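Trainee: okay, predicted coordinates and the sequence, questions at the end:
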Amino acid sequence: MTTDKEAKREPRNKEATDLLKHIVQQVEGSEDTAEVLAFVKIGREYHRFSTGIADMMKLIAVLEVAKHDCITRMASDD
């Protein structure tokens, strides 16, 4: 028998699955989506998933912006 507390508890991965559902909707709604790159932390390990990448230099620039965003978030948590 499930208690009320168990029924109300959300799975730990809910935020991630909600985000992935949103991404799927965006990709399905856009005929010109060509590339996908995702990093997912499962347990203590990060896993990379990607389609083919046509412009590596542009990808590196995007990763640098993401790195800056992560550092900014980390600094604001202090």
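Mentor: Arrived safely, thanks for sending.
Trainee: tell me the buried residues in the helix or strand harbouring A61?
Mentor: According to DSSP states H and E, A61 maps onto helix 56-76. By 16 or more other CB atoms under 10 Å, helix 56-76 has no buried positions at all. All C-beta atoms are positioned from the backbone trio N, CA, C, and that covers glycine.
Trainee: which residues touch it?
Mentor: Contacting residues not belonging to helix 56-76 are listed as L37, I53 [CB atoms under 8 Å, 6 or more residues apart in numbering].
Trainee: using PDB, write down the CA coordinates of it.
Mentor: What follows is helix 56-76, C-alpha atoms only, in PDB (Å, rounded to 0.1, in the frame of the first residue of the first chain):
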ATOM      1  CA  MET A  56      33.500  22.100 -34.300                       C
ATOM      2  CA  MET A  57      34.800  25.600 -33.800                       C
ATOM      3  CA  LYS A  58      31.300  27.000 -33.300                       C
ATOM      4  CA  LEU A  59      30.600  24.100 -30.900                       C
ATOM      5  CA  ILE A  60      33.800  25.000 -28.900                       C
ATOM      6  CA  ALA A  61      32.600  28.700 -28.800                       C
ATOM      7  CA  VAL A  62      29.200  27.600 -27.400                       C
ATOM      8  CA  LEU A  63      31.000  25.400 -24.800                       C
ATOM      9  CA  GLU A  64      33.100  28.300 -23.700                       C
ATOM     10  CA  VAL A  65      29.900  30.400 -23.200                       C
ATOM     11  CA  ALA A  66      28.400  27.500 -21.200                       C
ATOM     12  CA  LYS A  67      31.600  27.200 -19.100                       C
ATOM     13  CA  HIS A  68      31.300  30.900 -18.300                       C
ATOM     14  CA  ASP A  69      27.700  30.500 -17.300                       C
ATOM     15  CA  CYS A  70      28.600  27.600 -15.000                       C
ATOM     16  CA  ILE A  71      31.400  29.600 -13.400                       C
ATOM     17  CA  THR A  72      29.000  32.600 -12.900                       C
ATOM     18  CA  ARG A  73      26.400  30.300 -11.300                       C
ATOM     19  CA  MET A  74      29.000  28.700  -9.100                       C
ATOM     20  CA  ALA A  75      30.200  32.100  -7.900                       C
ATOM     21  CA  SER A  76      26.700  33.300  -7.100                       C
END
